[in-house]
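> Sequence and predicted structure, then a few things I'm wondering about:
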Amino acid sequence: MPATIVTGAQWGDEGKGKIVDHLAERAAMVVRYQGGNNAGHTVVIGDTVLKLHQVPSGITRPQVAAVLGNGMVINPPALVEELEIVEAEGISTANLHISATAHMVMPYHLLLDELQEQARGSSALGTTKRGIGPAYTDKAARRGLRMQDMVDGGDQIARFSRDRFAARVGAVLPRVNDELDRLYGHPGFTVEEIVEAYAPAAQRLAAHIKDTGLLIDKALRQGQNVLLEGAQATMLDIDHGTYPFVTSSSPTAGGACVGAGLGPTQVQEVVGVIKVYTSRVGSGPFPTELHDATGDWLVEQGQEYGTTTGRRRRCGWIDLVALRYAVRVNGFTGLALTRLDVLSGLDEVKLCVAYRLPDGTVTEEYPFDTEIMGQVEAVYETMPGWQDHFHSARRWQDLPEPAQAYCQRIADKLDVPICMISVGAERNDLVALRWPI
């Protein structure tokens, strides 16, 4: 059975967690393929609200194998804390598998992230300061530490190796401490303090560290449904996003194959998750951002505060120019629209259908120059709004006609069919037109 990829189509926070949670009901395995605990997925199950940062959203489904892929950068102590929260809700983590080749976020990555952001001053990127960028930097420079560096090797990886971990840390720490001293005048770390800080997490996680690429391949060969889950989103992609205001990995569909360890011919469906308005955390271009009462209304109605940082998100109308670009980059086969209920109560809703460039010309194409992107003016199409609240809607015909027209307009402009529409925060507040798995 081919794999299904779920990725965000905007700047993140589209509600991917809920969509993955629903699709996981039909899957045998859910794989998180990039990012770290700079991401946040919220899953609401009755009175339980799970805020997941590294653990795949499918962990809530007992039949699902939850995989942290090789494309991730994992903070072991933070992961253990998250597992304890999940287990406190009565959810088993026995079926969790961690890629041996996933890189680790180390204590010095957290410090470097903060110091680098401070040094940027007014040009700060707005990172989460979770050490993600420095960890990916070390990975690309071939000096990073991987999960396998904490444990004994072999076919059955099962126990923490203090000596091996200390040796690996000792090999990279002189360079790290030199950078901290020379660039920032900051004291460095000792091998002993890092090993002591990570040893409890290493002992807890060791039995879960495996060749996850092999596990994924076996599941696919056995005809099982495998779901690949991205964090962040298209416009934050290191290659295709609004660089440099991006994350340090590839949340796009192409990154799923690299970050999980499977070939593109094993993928059949790519679901793009789209919030029916737009939000963004951190700095960077945002053509449809609203600095008025409507923008404030979207923030409060949608409770647009970051899952990971609690920061207020910037909000605005849906941007179909950026979304057409996301369709092109990802090759979406279906759309999952989310937060439709948030727009209930507006007399009219707007869709950005084009950009007016600084020279006055109008284009429907996304500009490749980030500087130009920061200067464009959104050209809007206005449609009637709706007052009805429809959390109980489970069929297309249960939606108010103006809401139907709005959703259909999005699908028509993007030339991609809708497969799912989220109509509320609860787990079952969903209209399913087609199941892509």
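Cool, got the structure.
> For the rest of this, base every contact and every neighbour count on C-alpha atoms.
Will do.
> All the strands of the stretch 151-300 of the chain, in order from the start?
209-210, 226-229, 267-275, 278-280 (DSSP state E, counting those that start in this stretch).
> With mean pLDDT, mean neighbour count and distance to T361 added, can I get these in JSON lines?
Shown next, in JSON lines, are these (pLDDT from 0 to 100; neighbours: other Cα atoms under 10 Å; distance: least, Cα to Cα, whole Å):
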{"stretch": "strand 209-210", "mean pLDDT": "94", "mean neighbour count": "24", "distance to T361": "54"}
{"stretch": "strand 226-229", "mean pLDDT": "96", "mean neighbour count": "28", "distance to T361": "38"}
{"stretch": "strand 267-275", "mean pLDDT": "97", "mean neighbour count": "24", "distance to T361": "27"}
{"stretch": "strand 278-280", "mean pLDDT": "95", "mean neighbour count": "24", "distance to T361": "24"}
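> so which of those comes closest to E300?
strand 278-280 (12.4 Å; Cα to Cα).
> re the thing from before, G17: which of the strands of the stretch 151-300 of the chain is closest?
strand 226-229 (8.6 Å).
> Mind giving me the packing neighbours of that closest one?
strand 3-8, helix 16-24, strand 29-32, helix 212-221, helix 253-260 (3 or more Cα pairs under 8 Å, 6 or more residues apart in numbering; DSSP states H and E).
> Can you pull out the low-pLDDT segments for the stretch 251-400 of the chain?
Where the stretch 251-400 of the chain drops to pLDDT under 70, the residues are 307-308.
> hmm, try it at 90
Scanning the stretch 251-400 of the chain for pLDDT under 90 picks out 281-283, 305-311, 370.
> which residues touch L290?
L290 makes contact with R314, C315, G316, W317, according to Cα atoms under 8 Å, 6 or more residues apart in numbering.
> Need the strands of the stretch 151-300 of the chain in TSV (columns: distance to R175).
Formatted as TSV, the strands of the stretch 151-300 of the chain follow (distance: least, Cα to Cα, whole Å):
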stretch	distance to R175
strand 209-210	27
strand 226-229	34
strand 267-275	41
strand 278-280	35
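> Looking at those strands, which is nearest to D292?
Nearest of those to D292, taken as Cα to Cα: strand 278-280 at 14.3 Å.
> Can you give the distance from the closest one to the centre of its chain?
14 Å (Cα atoms, centre = their mean, to the nearest Å).
> Could you give the number of residues near M235?
27 (other Cα atoms under 10 Å).
> looking at it, it is touching T242, isn't it?
Yes: with contact defined as Cα atoms under 8 Å, M235 reaches T242; the gap is 6.0 Å.
> for the longest helix along the chain, packing partners?
Counting residues, the longest helix found in the chain (DSSP state H) is helix 162-184. Secondary structure elements in contact with helix 162-184, counted by 3+ Cα pairs under 8 Å, 6+ apart, are helix 107-120, helix 191-205.
> what does it contact?
For helix 162-184, using Cα under 8 Å, 6+ apart, the contacting residues are 108, 112, 115, 143, 145, 149-152, 186-192, 194-195, 199.
> Restricted to buried residues, select those residues in ChimeraX.
Here is the ChimeraX selection string for the buried members of the contacts of helix 162-184, based on 16 or more other Cα atoms under 10 Å:
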select :108,112,115,145,149,150,151,152,188,191,194,195,199
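> could you pull out the strands for the stretch 301-437 of the chain?
Secondary structure of the stretch 301-437 of the chain (DSSP E, counting those that start in this stretch): strands located at 314-316, 318-319, 334-338, 346-356, 362-363, 377-386, 418-422, 430-432.
> Okay, and the beta partners of Y355?
Counting by DSSP bridges, Y355 is bridged to T363, A378.
> Pretty sure I194 sits against V105.
No: assessed by Cα under 8 Å, I194 is found out of contact with V105, at 11.6 Å.
> Skipping its backbone neighbours, what lies nearest K350 in space?
T382 (4.5 Å; Cα to Cα, 6 or more residues apart in numbering).
> quick one, what contacts the one you found?
Contacts of T382 by Cα under 8 Å, 6+ apart are E348, V349, K350, L351.
> and what of C407?
C407 neighbours (Cα under 8 Å, 6+ apart): L337.
> do you know how far it is from V423?
For C407, the distance to V423 equals 12 Å [Cα to Cα, to the nearest Å].
> neighbours of R221, just the number please.
Other residues close to R221 by other Cα under 10 Å number 12.
> meant to ask about P2
Based on other Cα under 10 Å, the number of other residues close to P2 is 18.
> what does S392 give?
14.
> quick one, phi/psi of it?
Backbone dihedrals for S392, given as degrees, to the nearest 10, come out at phi -90, psi 0.
> Ok, R26 next?
Dihedral angles (degrees, to the nearest 10) for R26: phi -110, psi 10.
> Now do the same for it: its pLDDT.
With respect to pLDDT, R26 has a value of 93.
> What residues does A202 make contact with?
P76, M150, V151, F160.
> That should have said A432, apologies.
If you count contacts by Cα under 8 Å, 6+ apart, then A432 has R394, R395, C419, M420, I421 around it.
> Read off the pLDDT value for it.
Reported pLDDT for A432: 95.
> for the longest helix of the chain, which positions count as buried?
Buried-residue list, helix 162-184, by 16+ other Cα under 10 Å: R162, R164, F165, A166, R168, V169, G170, L173, N177, E179, L180.
> Distance of the third one relative to Y198?
Using Cα to Cα, we find F165 at a distance of 9 Å from Y198.
> returning to that earlier point: quick one: the longest helix of the chain to helix 107-120, angle?
Between helix 162-184 and helix 107-120, the angle comes out at 10 degrees (axes from the mean of the first three to the mean of the last three Cα atoms, to 10 degrees).
> Begin at 2, not 1, for the rest of this chat.
With the count now opening at 2, the last piece we talked about shows up as helix 163-185.
> just how off-centre is helix 163-185 within its chain?
With Cα atoms, centre = their mean, you get 30 Å for helix 163-185.
> Repeat that for stretch 310-325.
Chain-centre distance of stretch 310-325: 14 Å, with Cα atoms, centre = their mean.
> What lies in contact with that stretch?
Under Cα under 8 Å, 6+ apart, the answer for stretch 310-325 is 10-11, 129, 276-283, 288-291, 296-297, 299-300, 305-307, 350-356, 365-367, 411, 414-415.
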